[in-house]
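Undergrad: A structural model of the following input is requested.
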Amino acid sequence: MKGIEASASDSAITEAVDTRPTVTIEQIDVESSVITLSSYGEVQPLESTNLAAQVSGEVESWNPKFVSGGLVRRGEVLFSVEKDAYEAALLLAQANLSSAQAQLIQEQAQADVAAREAKSMPDARVTDLYLRKPQVMSAQASVKSAEAQLKIAKRDLDNCEVAAPYDALIISREISTGDYVTQGTTAAVINNIEQAEITFPIAGFDRVFLDENTLGTKAILTLDDVSKTQVTATIHRDTGVIDSATRMTHFVARIEDPYALNATKPIVKFGTYTTISFEGKTLEDVYRIPQELVTNRTLWTIDEESKLVSQKIQVIREDGSDFLIQGTFNPNKVVMSLPEYPQNGMEVKVIDNSAGFAANSDTAK
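TA: A predicted model of the protein is given here:
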């Protein structure tokens, strides 16, 4: 031991151990971000009609498509009521009109004769009654009355064939061949399939991101099916009321031709649950940062001496797994991986992600 001690060097060689925690940093760039708003809703018909007969009579026939689930086009006849009585009424109205017109011609001719005779008579003896003016007016009124009766008779005859008022989906049918229907009898319930609507809520914290020109803009509907089918809709209107319980406002989007009668596209059935998304405001001068890097509205950066600095930032919006933020901080040195217990002023060693070695000049050799 004495020999070893004597041969040992007088100066001990020691190597400094770098105990600083390591971090990685990245530069983040300012950007403009278009906010995408999402909501949900159920596809509903634009209108639903209780279809009723406008005349009374026996049901003679009905359209084969006039069944629950059937699709019919605007103007297509759904069922027919017996016409005999209404055809007879039309003939009678036409006869009455002809008779009234003949009476008017006769009265007008007699009035013309009276007018010629009155020219040679003293004015005192010429009266409206002598000129047959009341008789002519009565005949004219009879013609108008007959014309009105004829118009009603034609309408009743036309109404013996009940047609679809729009492209429709038959929800239910309440009549069959041989049934006697009276005026106002509900024959079926039909839904308009020319357009469909989705009423969807917008939360209060999302209202500030609505664009001024939201109405009339396009929206994407993602259907709640296996394939997640997407279709296009148009935001039609704001319902104009904020719900007192949920503090939400509601918008209405419209789909054209949801049952694809006039185009080759996906069918959107009434009752389908759907997610709706559309573009809102464009946020200028914001930074996009992963959510896990922000704690209590604080973002960590490093200064020129490789020390941690906490910066208060403003979170403008959550966008997926990111935050859109604004604030005063150094965007060139944002800490992407923090030590376990970060502290303001803590000295750290910066690791270059791409090269795998320390970026500082004083890193370990």
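
Undergrad: Would you map the helices across the stretch 1-150 of the chain?
TA: Ranges of helices in the stretch 1-150 of the chain, per DSSP state H, counting those that start in this stretch, are 2-7, 84-118, 133-158.

Undergrad: Quick one: closest of these to L37.
TA: helix 133-158 (49.0 Å; Cβ to Cβ). For the C-beta atoms, the positions are set from N, CA and C on the backbone; glycine is no exception.

Undergrad: quick one on the thing from earlier: of the helices of the stretch 1-150 of the chain, which is nearest I255?
TA: The nearest among the helices of the stretch 1-150 of the chain, by Cβ to Cβ, is helix 133-158 at 32.7 Å.

Undergrad: looking just at contacts, which helices and strands does the helix or strand R237 falls within meet?
TA: If you go by DSSP states H and E, R237 is part of strand 230-242. Applying 3 or more Cβ pairs under 8 Å, 6 or more residues apart in numbering; DSSP states H and E, one finds that strand 230-242 contacts strand 195-202, strand 218-223, strand 249-256.

Undergrad: would you list these in TSV and tack on distance to P290?
TA: TSV is the format used below for the helices and strands packed on strand 230-242 (distance: least, Cβ to Cβ, whole Å):
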stretch	distance to P290
strand 195-202	27
strand 218-223	25
strand 249-256	31
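
Undergrad: mind putting those strands in CSV, distance to S99, mean pLDDT and mean neighbour count included?
TA: Below are the helices and strands packed on strand 230-242 laid out as CSV (distance: least, Cβ to Cβ, whole Å; pLDDT from 0 to 100; neighbours: other Cβ atoms under 10 Å):
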stretch, distance to S99, mean pLDDT, mean neighbour count
strand 195-202, 49, 96, 20
strand 218-223, 63, 94, 18
strand 249-256, 52, 95, 19
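
Undergrad: right, and the ones you listed - which one's nearest T282?
TA: Of these, the one closest to T282 (Cβ to Cβ) turns out to be strand 218-223, at 16.0 Å.

Undergrad: Neighbouring strands - and their directions - for the closest one?
TA: strand 230-242 (antiparallel), strand 273-290 (antiparallel) (DSSP bridges).

Undergrad: okay, and for the stretch 51-200 of the chain, where does confidence drop off?
TA: 124 (pLDDT under 70).

Undergrad: what's the domain layout of this structure?
TA: The chain breaks down into these domains under automatic domain parsing: 22-28+294-350, 35-46+194-283, 49-82+165-192, 85-158.

Undergrad: Serialize the helices of the stretch 1-150 of the chain to TSV and add fields for distance to T274 and mean neighbour count.
TA: TSV is the format used below for the helices of the stretch 1-150 of the chain (distance: least, Cβ to Cβ, whole Å; neighbours: other Cβ atoms under 10 Å):
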stretch	distance to T274	mean neighbour count
helix 2-7	85	7
helix 84-118	46	15
helix 133-158	40	16
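
Undergrad: Reformat those as TSV; add distance to G204.
TA: Written out in TSV, the entries for the helices of the stretch 1-150 of the chain read as follows (distance: least, Cβ to Cβ, whole Å):
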stretch	distance to G204
helix 2-7	81
helix 84-118	59
helix 133-158	53
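
Undergrad: Okay, Y259 and K349: tell me how far apart.
TA: Computed as Cβ to Cβ, to the nearest Å, the Y259 to K349 distance reads 65 Å.

Undergrad: same question, T185
TA: Taking Cβ to Cβ, one finds T185 at 87 Å from K349.

Undergrad: if we can go back for a sec, can you list the domains of the chain in CSV and add distance to G3?
TA: Below are the domains of the chain laid out as CSV (distance: least, Cβ to Cβ, whole Å):
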stretch, distance to G3
domain 22-28+294-350, 43
domain 35-46+194-283, 78
domain 49-82+165-192, 107
domain 85-158, 130
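
Undergrad: and of the helices of the stretch 1-150 of the chain, who's closest to E31?
TA: Of all those, helix 133-158 comes closest under Cβ to Cβ, at 64.3 Å.

Undergrad: Quick check: the closest residue to V34 other than its chain neighbours vs F251, distance?
TA: Of all residues beyond its chain neighbours, the one nearest V34 is T282 (5.0 Å), with distances taken as Cβ to Cβ, 6 or more residues apart in numbering. Plainly put, T282 is 19 Å away from F251 if you go by Cβ to Cβ.

Undergrad: and if you look at R207?
TA: Distance from R207 to F251, by Cβ to Cβ: 10 Å.

Undergrad: and what of T275?
TA: Relative to F251, and taking Cβ to Cβ, T275 is found at 14 Å.

Undergrad: Show the contacting residues for the residue positioned nearest the centre of the chain.
TA: Central residue of the chain (Cα atoms, centre = their mean): A253, 0.4 Å from the mean position. Contact partners of A253, counting by Cβ atoms under 8 Å, 6 or more residues apart in numbering, are G41, E197, I198, F200, A219, L221, A233, T234, I235, H236, I276.
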